[in-house]
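Q: compute the structure for the input listed below.
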Amino acid sequence: MLTSIASSLGAGSGIDVKQLVTDLAAASRDPKVARLSGLATANSARISAVAQARSDLVGFADSLEQMIADGSLRSKATVSDESVLSATARAGLQADKFAATIVVNSLARAQSSYSGVVADKTAAIGTGAMTLTVGGVQKTITVGSTNNSLEGLATAINASGAGVTATIIADQGGSRLILKGATGADNAFTLTADAGADPGLSAFATNGGLSVGQSAANAEFTIDGVAFSRPGNTIDDVVPGVSLTLKKAAPGQPVDLGANRPLDMIKQTVGDFVDVYNQLKKSLQAASKLSGVTTGLRELETQLQGLVNKVLTSHGSISKLSDIGISTAKDGTLTLDKTKLDKMLETDAGAVEGLFNPLRDGTHNEISDPGIAGVLDAIRDKAIASDGVIGRVEKSLTDKDKSLADQLSKVEEREAAYKARLEKQYAALDVKLNAFKATQAYLEQQIKMWTKSDD
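A: Next up is the predicted model:
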């Protein structure tokens, strides 16, 4: 109906009613749409700026955290003979905190036992109960009618949870049962047939048919002349901050254990820290300068600016970034005094390393020595939380974006209805004008006829 009315506007009156309706509708709609579109564009710019600030903050914290986690900024453990043992430093190790001499007398071994050759691994071997004992703990192994075979016995041992692995291997003339425990003398095991078990099961008992391939034993080694014994060949509890892996026995052959500090990487990281911080600062400033809720990001700027003088470790003289030559310029960005950094590395390289790789021992922990990564992670987590600075700003901007979209949709609906009313009203006016013109033409014709008749 509206289409037909719109197409007929101005058809009879001679007035361009269609254009008149279009102009009136545009005069009502366009300013409202332009205002809301402008607000939406400005809000989108704020959303983009805040998203960039979030990305820079998260990337900054995550990259520094990763470098510390993967050991790039950590003192590296060294050994004089990698064929005997290797050493891996954990977080908190510093090169000037230890040196040692290690002698590996013997490696930890696991007990292994093997049976004689069985022609058919699926053939019956006898039924009854067996007892598997590991470190004084006994497990009952039952061979019944449903698992009466070498395969069934191996499955029952593996299912017992005793810590002994049963494997069947092919051998000339048939198969053998191989039992293997965990390393360490305390993990030696026995497998015995209980009274009343079929005689055939004794062929798979350690006091009967099983042969010992290797006895269980502890690793025996000395560190600076002090003797140690451990059930495994990976040693985590002897040298603080270092995991040792013993590779071969070498009695009488001392291996020197030490560490190297990654000074070049520390220098590079300090410089990179300043550069990435300044990029984050610019992102936050760009977002904060925009009017509206983004000004709340200045709270985060203040927190980050406080990093320079934040106490990061419990060291007496080198505990802050300002102590190694990092300072704040007038515009809020950071600068690095490389000469001072070099001097601090010469004075106490361990303390400088500690800012990034803080000590971890009985007196140094995440509270006393958080390190720069710990402090930065805390700022990041707090800021991006739903109730944090960035979280609150993002929610506010998202809500506003939805509100503006809803307002624009409603304006379009109202203006479409307004235009439809105009079309209907002016269509009716056009009809009336057409009728008036017809009446006018009739009257003019009558007047002309009257005038002629008077002549």
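
Q: Thr140: what secondary structure?
A: Three-state call for Thr140 (DSSP: H, G, I helix; E, B strand; the rest coil): strand.

Q: what of Glu353?
A: helix.

Q: that one contacts Ser72, correct?
A: No. Glu353 lies out of contact with Ser72 (C-beta atoms under 8 Å); the separation is 11.6 Å. (C-beta placed from N, C-alpha, C; glycine too.)

Q: and the protein, what are its domains?
A: 43-70+263-393, 76-107+219-260, 110-214 (automatic domain parsing).

Q: between these, which one is closest to Leu443.
A: With C-beta to C-beta as the measure, domain 43-70+263-393 is the member of the domains of the chain nearest Leu443 (61.8 Å).

Q: ok, back up a step: could you export the domains of the chain as TSV, including mean neighbour count and distance to Ser28?
A: Output for these, formatted as TSV (neighbours: other C-beta atoms under 10 Å; distance: least, C-beta to C-beta, whole Å):
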stretch	mean neighbour count	distance to Ser28
domain 43-70+263-393	17	24
domain 76-107+219-260	17	67
domain 110-214	17	81
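
Q: need the contact partners of whichever helix or strand Leu376 is part of.
A: Using DSSP states H and E, Leu376 sits in helix 371-384. With C-beta atoms under 8 Å, 6 or more residues apart in numbering as the test, helix 371-384 has contacts from 54, 57-58, 60-61, 64-65, 68, 273, 300, 303-304, 307, 310, 312-313, 321, 354-358, 366, 370, 388-391.

Q: and it, average pLDDT?
A: The pLDDT scores in helix 371-384 average 90.

Q: likewise stretch 24-43?
A: Stretch 24-43 comes out at a mean pLDDT of 88.

Q: for that stretch, output the C-alpha coordinates as CSV.
A: Taking C-alpha atoms only, stretch 24-43 is exported to CSV below (Å, rounded to 0.1, in the frame of the first residue of the first chain):
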residue,chain,number,x,y,z
LEU,A,24,11.4,16.2,5.4
ALA,A,25,12.2,12.6,6.5
ALA,A,26,16.0,13.2,5.9
ALA,A,27,15.9,16.4,7.9
SER,A,28,14.4,14.5,10.8
ARG,A,29,16.6,11.4,10.5
ASP,A,30,20.0,12.4,9.4
PRO,A,31,21.1,14.6,12.4
LYS,A,32,20.1,11.8,14.9
VAL,A,33,21.8,9.1,12.9
ALA,A,34,24.9,11.2,12.5
ARG,A,35,25.1,11.9,16.2
LEU,A,36,24.8,8.3,17.2
SER,A,37,27.2,7.1,14.5
GLY,A,38,29.7,9.6,15.7
LEU,A,39,29.4,8.4,19.2
ALA,A,40,29.7,4.8,18.1
THR,A,41,32.8,5.6,16.0
ALA,A,42,34.4,7.3,19.0
ASN,A,43,33.5,4.4,21.3
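
Q: now do the buried residues in it.
A: Residues of stretch 24-43 classed as buried by neighbour count (16 or more other C-beta atoms under 10 Å): 25, 29, 36, 39-40, 43.

Q: where does the stretch 1-150 of the chain dip in pLDDT?
A: 1-15, 92-97 (pLDDT under 70).

Q: can you give me the strands in it?
A: All strands of the stretch 1-150 of the chain, identified by DSSP state E, counting those that start in this stretch, fall at 76-79, 85-89, 100-106, 110-114, 128-134, 137-143.

Q: residue boundaries of the strands in the stretch 301-450 of the chain?
A: Assigned by DSSP E, counting those that start in this stretch, the strands in the stretch 301-450 of the chain fall at 326-328, 334-336.

Q: what does the last one rub up against?
A: When you say that, I think you mean strand 334-336. Counting by C-beta under 8 Å, 6+ apart, 270-271, 274, 277-278, 281, 308, 325-329 sit against strand 334-336.

Q: how does it look with 6 Å?
A: Counting by C-beta atoms under 6 Å, 6 or more residues apart in numbering, strand 334-336 makes contact with 274, 277-278, 325-327, 329, all of which sit outside it.

Q: can you name the residues that contact Asp272?
A: Contacts of Asp272 by C-beta under 6 Å, 6+ apart: none found.

Q: and it, which of the three is it?
A: Under three-state DSSP, Asp272 comes out as helix.

Q: pLDDT score assigned to it?
A: Asp272 is given a pLDDT of 90.

Q: same question for the one 5 residues further on.
A: With respect to pLDDT, Tyr277 has a value of 91.

Q: what about the helices in this structure?
A: 2-8, 17-69, 150-159, 263-288, 298-305, 338-356, 371-384, 389-454 (DSSP state H).

Q: possible to save these as TSV with distance to Val239?
A: Shown next, in TSV, are these (distance: least, C-beta to C-beta, whole Å):
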stretch	distance to Val239
helix 2-8	87
helix 17-69	20
helix 150-159	36
helix 263-288	22
helix 298-305	38
helix 338-356	17
helix 371-384	22
helix 389-454	43
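
Q: among the domains of the chain, which comes closest to Thr439?
A: domain 43-70+263-393 (57.1 Å).

Q: just to revisit the earlier point, out of the helices of the chain, flag the one nearest Thr101.
A: That would be helix 338-356 among the helices of the chain, by C-beta to C-beta, at 21.7 Å.

Q: count of neighbours near the nearest residue to Ala219 once chain neighbours are set aside?
A: Sequence neighbours aside, Ala108 is the residue nearest to Ala219 in space, at 3.9 Å (criterion: C-beta to C-beta, 6 or more residues apart in numbering). If you count neighbours by other C-beta atoms under 10 Å, Ala108 ends up with 23.

Q: what residues are bridge-paired with the closest residue to Ser115 other than its chain neighbours?
A: Among residues not flanking Ser115 along the chain, Leu177 sits closest, at 4.1 Å (C-beta to C-beta, 6+ apart). Leu177 has these beta-bridge partners by DSSP bridges: Ile168.

Q: in contact with Leu177, which residues?
A: Here Leu177 is in contact with 115, 150, 168 (C-beta under 6 Å, 6+ apart).

Q: so the last one is in contact with Arg176, correct?
A: No. The pair formed by Ile168 and Arg176 falls short of the contact definition of C-beta atoms under 6 Å, at 7.1 Å.

Q: re the thing from before, using JSON lines, lay out the strands of the stretch 301-450 of the chain together with mean pLDDT and distance to Ala219.
A: Shown next, in JSON lines, are the strands of the stretch 301-450 of the chain (pLDDT from 0 to 100; distance: least, C-beta to C-beta, whole Å):
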{"stretch": "strand 326-328", "mean pLDDT": "95", "distance to Ala219": "46"}
{"stretch": "strand 334-336", "mean pLDDT": "94", "distance to Ala219": "47"}
